[in-house]
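Engineer: model this:
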Amino acid sequence: MTQPFLNDTPITTASDQVFVDMRREIVEGSIQQGSKISEPELAKRYGVSRATLREALNRLESCYLVERKANVGCRVVALTAERLIEVYQVRSSLEGLACRLAADNMAADEVQGLKQLLNQHLQTQRVKEGESYYQEAGDLDFHYRIIKGSKNAHLIHLLCNELYQLIRMYRVQMGMVGPRVSKAFDEHLAIINAIENHDGELAEMLMKRHISASQANIQTKFDLLNKKTTLSAKS
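Structural biologist: Numbers count the residues shown, from 1 in each chain. Sure thing, here's the model as predicted:
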């Protein structure tokens with residue numbers, strides 16, 4: 001069954017609420033990546049039945065935030081360098097296409113709204129000072145706005161329902177700090193200008209470059225973590 005887009009998710013049942021709460025906690029790291037899911041513990045924590053919890057877990061599995069393995073059970077997905085490569089290969093191709101389509105299909109007021117959103121991001125103190133670039137989900141997310149602006153329902157479903165939260169998990173937990181902040185902001189601005197000029201080819205190329213740079217930034221963090229782990233094991 002097709003799920004509604006991210007910020008249209010209706011909360012009408014206890015399962016809906018658990019799904020939304022767990023999704024946020026997994027993406028933001030409150031529920032640790034790679035951790036084992038204890039159904040009795042979580043059912044008690046959220047005050048729901050095991051059956052209600054399982055409904056929420058099934059939905060989390062469909063957006064790749066939890067996974068089930070034989071003889072292991074249910075776990076929160078682990079962020080790995082190998083998974084990063086696979087996910088970002090798909091992300092680059094699909095978001096590049098979304099950007100190309102957005103250059104043709106976004107209305108002038110939507111492009112203006114995108115500019116205003118970017119200006120809001122710039123006004124946050126942490127972006128100004130190059131500390132970090134954190135974007136809220138849905139309509140407060142630059143990438144989400146462009147994907148919706150493609151006006152292609154199938155593409156929107158793939159990126160905003162199936163992959164969005166896993167991609168966001170990488171972005172939130174392994175996100176931009178330091179010099180990458182100002183560079184990413186400038187890349188966003190260049191993408192908007194290409195969309196506004198209806199240059200789909202340039203918009204697609206710039207988006208793919210932007211995602212490639214983000215992937216390289218996250219990969220560097222994995223490399224540093226691996227070095228620390230190796231050094232710790234030797235000491």
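Engineer: Quick one: low-confidence residue ranges for this protein.
Structural biologist: For the chain, applying pLDDT under 70 flags the ranges 1-10, 124-138, 176-180, 229-235.
Engineer: what's the closest non-adjacent residue to the residue nearest to the spatial centre of it?
Structural biologist: Nearest residue to the geometric centre of the chain (C-alpha atoms, centre = their mean): Arg168, 1.7 Å. Nearest non-adjacent residue to Arg168, counting by C-beta to C-beta, 6 or more residues apart in numbering: Val27, 5.4 Å away. To be clear about C-beta, it is placed using only N, CA and C from the backbone, and glycine gets the same treatment.
Engineer: residue contacts, the one you found?
Structural biologist: 65, 137, 165, 168-169, 172-173 (C-beta atoms under 8 Å, 6 or more residues apart in numbering).
Engineer: One more pass at 10 Å, please.
Structural biologist: Residues in contact with Val27 (C-beta atoms under 10 Å, 6 or more residues apart in numbering) are 33, 63, 65, 137, 164-173.
Engineer: Thought Ser49 was touching Ala56, still the case?
Structural biologist: No. With contact defined as C-beta atoms under 10 Å, Ala56 does not reach Ser49; the gap is 11.0 Å.
Engineer: If you count surrounding residues, which of the two has more?
Structural biologist: Ranked by neighbour count (other C-beta atoms under 10 Å), Ala56 and Ser49 place Ala56 first, with 24 against 12.
Engineer: tell me the SS of that one?
Structural biologist: Put simply, Ala56 is helix when judged by DSSP: H, G, I helix; E, B strand; the rest coil.
Engineer: Please enumerate the helices of the protein.
Structural biologist: 14-28, 39-46, 50-62, 81-105, 108-123, 125-128, 142-149, 153-156, 164-173, 179-196, 200-234 (DSSP state H).
Engineer: Out of those helices, which gets nearest to Gly73?
Structural biologist: helix 39-46 (8.9 Å; C-beta to C-beta).
Engineer: And for Gly175, the neighbour number?
Structural biologist: Using other C-beta under 10 Å, Gly175 is surrounded by 19 other residues.
Engineer: Touching, it and Ile218? I think so.
Structural biologist: Yes. Counting by C-beta under 10 Å, Gly175 touches Ile218, with 8.1 Å between them.
Engineer: Share the number of residues neighbouring Glu162, please.
Structural biologist: With other C-beta under 10 Å as criterion, Glu162 counts 14.
Engineer: how close does it get to Leu101?
Structural biologist: Using C-beta to C-beta, to the nearest Å, Glu162 is found at 18 Å from Leu101.
Engineer: Pick the most buried one from the helices of the chain.
Structural biologist: Using mean count of other C-beta atoms under 10 Å, the stretch among these with the largest mean neighbour count is helix 142-149, at a mean of 23.
Engineer: name the helices or strands packed onto it?
Structural biologist: Counting contacts by 3 or more C-beta pairs under 10 Å, 6 or more residues apart in numbering; DSSP states H and E, helix 142-149 packs against helix 81-105, helix 108-123, helix 153-156, helix 164-173, helix 179-196, helix 200-234.
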